[in-house]
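Undergrad: can't give you the sequence, but here's the structure:
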Ligand SMILES: [Zn+2]
């Protein structure tokens, strides 16, 4: 799940696995779907 964070009046979307921030929800969801910050065996 992508987390939302408000900072300076702007909503950011955060990858919960690696903490990367995006200003676009779709970008964050696409990144998270392919994020390899966790062990692959954990996700699959
Ligand atoms: Zn990530």
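TA: That came through fine. None of the values given here were measured: they were computed from a predicted structure.

Undergrad: what's across from the one residue sitting closest to the centre of the chain in the sheet?
TA: The centroid of the chain falls nearest to residue 15 when counting by CA atoms, centre = their mean (1.7 Å). Beta bridges link residue 15 to residue 2 when assigned by DSSP bridges.

Undergrad: which residues does residue 6 contact?
TA: residue 12 (CB atoms under 8 Å, 6 or more residues apart in numbering). Glycine gets a C-beta too; all of them are placed from N, C-alpha and C.

Undergrad: which SS class is it?
TA: In the three-state summary, residue 6 is assigned as strand, counting by DSSP: H, G, I helix; E, B strand; the rest coil.

Undergrad: partner residues bridging it?
TA: Counting by DSSP bridges, residue 6 is bridged to residue 11.

Undergrad: pretty sure the residue nearest to the centre of the chain is touching residue 5, no?
TA: No - Residue 15 is beyond contact range of residue 5, at 11.1 Å (criterion: CB atoms under 8 Å).

Undergrad: which residues do the two both contact?
TA: By CB under 8 Å, 6+ apart, the residues touching both residue 15 and residue 5 are residue 21.

Undergrad: what's the pLDDT at the residue nearest to the centre of the chain?
TA: Residue-level confidence at residue 15 comes out at 94, pLDDT.

Undergrad: spell out which parts of the protein neighbour the ion.
TA: Taking CB under 5 Å from the ion as the measure of proximity, the chain contacts the ion at 15, 17, 18, 20, 35, 37.

Undergrad: adding secondary structure, write those residues out as TSV.
TA: Putting the residues of the chain next to the ion into TSV (three-state DSSP) gives the following:
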residue	secondary structure
15	strand
17	coil
18	coil
20	coil
35	coil
37	coil
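
Undergrad: ranking those residues by neighbours, who comes first?
TA: Of all those, residue 15 has the most neighbours under the rule other CB atoms under 10 Å, reaching 20 neighbours.

Undergrad: which helices and strands does the longest helix seen in the chain pack with?
TA: When the chain is scanned for its longest helix (criterion: DSSP state H), the result is helix 25-34. Other elements packing on helix 25-34 under the criterion 3 or more CB pairs under 8 Å, 6 or more residues apart in numbering; DSSP states H and E are strand 2-7, strand 10-15.
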